[in-house]
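S.K.: Coordinates for the following, if possible.
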Amino acid sequence: MLGLFLFASNSLSASDKLKIAVLDFKTVGDSAGLGEGAAEILRTTLIETGKYIIIERGMLKQILEEQKLNLSGIIDPKEAVGIGKILGAKLVAVGSVVKLGESYTLNIRFVNVESGEVTSGKKLTAGSKEEIPALCGQIVKLLAAGKTSAAEEKSPISAHKEEPVKPYTSTPPGKWSIGLIYPGLSIKYRTGKHAWEMKAQSGSGILAAGPRYYRYVKNSGLSLFWGLETDFISFKGDESKGSGFAAGGFAGGEISLGNNLSLSMDCGPMYLSLSDAKFSESASSLEYVLNMGIYWYFK
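M.R.: You can find the predicted model right below:
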């Protein structure tokens, strides 16, 4: 009796779940694997909620091959409805991932198989590929908010008027920033995964000034980067006076402190070459330099 009761409970629970087919997304401006990966992330995120029955990609591919269609080639809602009916799905998700500059836009449309209408369309933009899973999470939240129960709603998604919450990212709110670096000042311009900085540092009769280039490799959570730097150096002491240059690379990370502030730290090897004008002597060496600073970002 207990086993029969559990079987009946599970059957009832499954009957209340909405069956969804998520077709691979088209990719524009990047490799085809990006759209396929985004669709797979959406499938997994929907499954993790426990509220939906998701048709596996293998079954989708088999049906579409029989219909002589590509898994990521269905854009026409009529074709999506036909596939949905064959699979027994109530809702079919189609879409695309578009790369424009350094940003990625996820376009998703949901087609109601019964009515043949596009019940909802969403467009979400991220600053990097790493943020696409967060966008899929936002889509699932919107889907859950629009569906109160399988029996109450005619459309699986209600007309949600509010703008979706933007996923967390360490990408700063402004492109320009002023840095208080020890010991000195800088101004930085950052766009997407690249940044350029002009800095000046002084202390104990030494002045070092020059440009820096940053290449960010991760833009969510802790923002990691590597870069290159070159500096003009002048020095003046009690017995010496001269100039020189420094050049090298660095690697580090930047993390948000809130209120448009961030903390940055990096370290790397620098080749230094100095010449003493008074005594006509020169010296060079390889040193490891640690840099730390607080940046205030503004638009």
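S.K.: so where do the strands sit in the stretch 101-250 of the chain?
M.R.: 103-112, 118-126, 176-181, 184-191, 194-203, 206-216, 223-236, 241-258 (DSSP state E, counting those that start in this stretch).
S.K.: How is the protein partitioned into domains?
M.R.: 15-146, 176-298 (automatic domain parsing).
S.K.: quick one: which of the strands of the stretch 101-250 of the chain is nearest residue 55?
M.R.: strand 103-112 (13.9 Å; C-beta to C-beta). All C-beta spots, glycine's among them, are computed from the backbone N, C-alpha and C.
S.K.: and residue 26, how far is that from residue 120?
M.R.: 18 Å (C-beta to C-beta, to the nearest Å).
S.K.: quick revisit: okay, the domains of the chain, which one's buried deepest?
M.R.: Comparing those by mean neighbour count (mean count of other C-beta atoms under 10 Å), domain 15-146 comes out on top with a mean of 18.
S.K.: re earlier: minimum distance to residue 276: which of the strands of the stretch 101-250 of the chain has it?
M.R.: Per C-beta to C-beta, nearest to residue 276 of these: strand 241-258, 4.3 Å.
S.K.: downstream neighbour of that closest one in the secondary structure list?
M.R.: strand 261-276 (DSSP states H and E).
S.K.: Quick one: low-confidence residue ranges for the protein.
M.R.: Applying pLDDT under 70 to the chain flags the ranges 1-16, 67-77, 146-174, 218-221.
S.K.: give me that answer again for 50
M.R.: Scanning the chain with the threshold set as pLDDT under 50 gives 1-12, 147-171, 173.
S.K.: Pretty sure residue 105 is one of the things residue 135 touches, is it not?
M.R.: No. Shown here, residue 135 and residue 105 do not form a contact pair, counting by C-beta atoms under 8 Å, at 9.1 Å.
S.K.: Need the residues touching each of these two.
M.R.: Residues touching both residue 135 and residue 105 (C-beta atoms under 8 Å, 6 or more residues apart in numbering): 124, 126.
S.K.: so how far is residue 41 from the most centrally placed residue in the chain?
M.R.: Most central in the chain under C-alpha atoms, centre = their mean is residue 131, positioned 2.6 Å from the mean C-alpha point. For residue 131, the distance to residue 41 equals 11 Å [C-beta to C-beta].
S.K.: where along the stretch 51-200 of the chain do the helices fall?
M.R.: 57-66, 77-87, 132-146 (DSSP state H, counting those that start in this stretch).
S.K.: could the ones you listed be laid out in TSV, adding distance to residue 250?
M.R.: Shown next, in TSV, are the helices of the stretch 51-200 of the chain (distance: least, C-beta to C-beta, whole Å):
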stretch	distance to residue 250
helix 57-66	43
helix 77-87	50
helix 132-146	29
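S.K.: mind checking which of those is nearest residue 21?
M.R.: Checked against C-beta to C-beta, the stretch from the helices of the stretch 51-200 of the chain lying closest is helix 77-87, at 5.3 Å.
S.K.: Going by contacts, tell me the helices and strands next to that closest one.
M.R.: strand 18-22, helix 57-66, strand 91-100, strand 103-112 (3 or more C-beta pairs under 8 Å, 6 or more residues apart in numbering; DSSP states H and E).
S.K.: rerun that using 6 Å as the cut-off
M.R.: With contacts defined as 3 or more C-beta pairs under 6 Å, 6 or more residues apart in numbering; DSSP states H and E, helix 77-87 has these neighbours: strand 91-100.
S.K.: neighbouring strands for the strand it packs on, and are they parallel or not?
M.R.: When pairing is defined by DSSP bridges, strand 91-100 lines up against strand 18-22 (parallel), strand 26-28 (parallel), strand 103-112 (antiparallel).
S.K.: Identify whichever of those lies nearest to residue 255.
M.R.: Comparing those by C-beta to C-beta, strand 103-112 comes nearest, at 22.0 Å.
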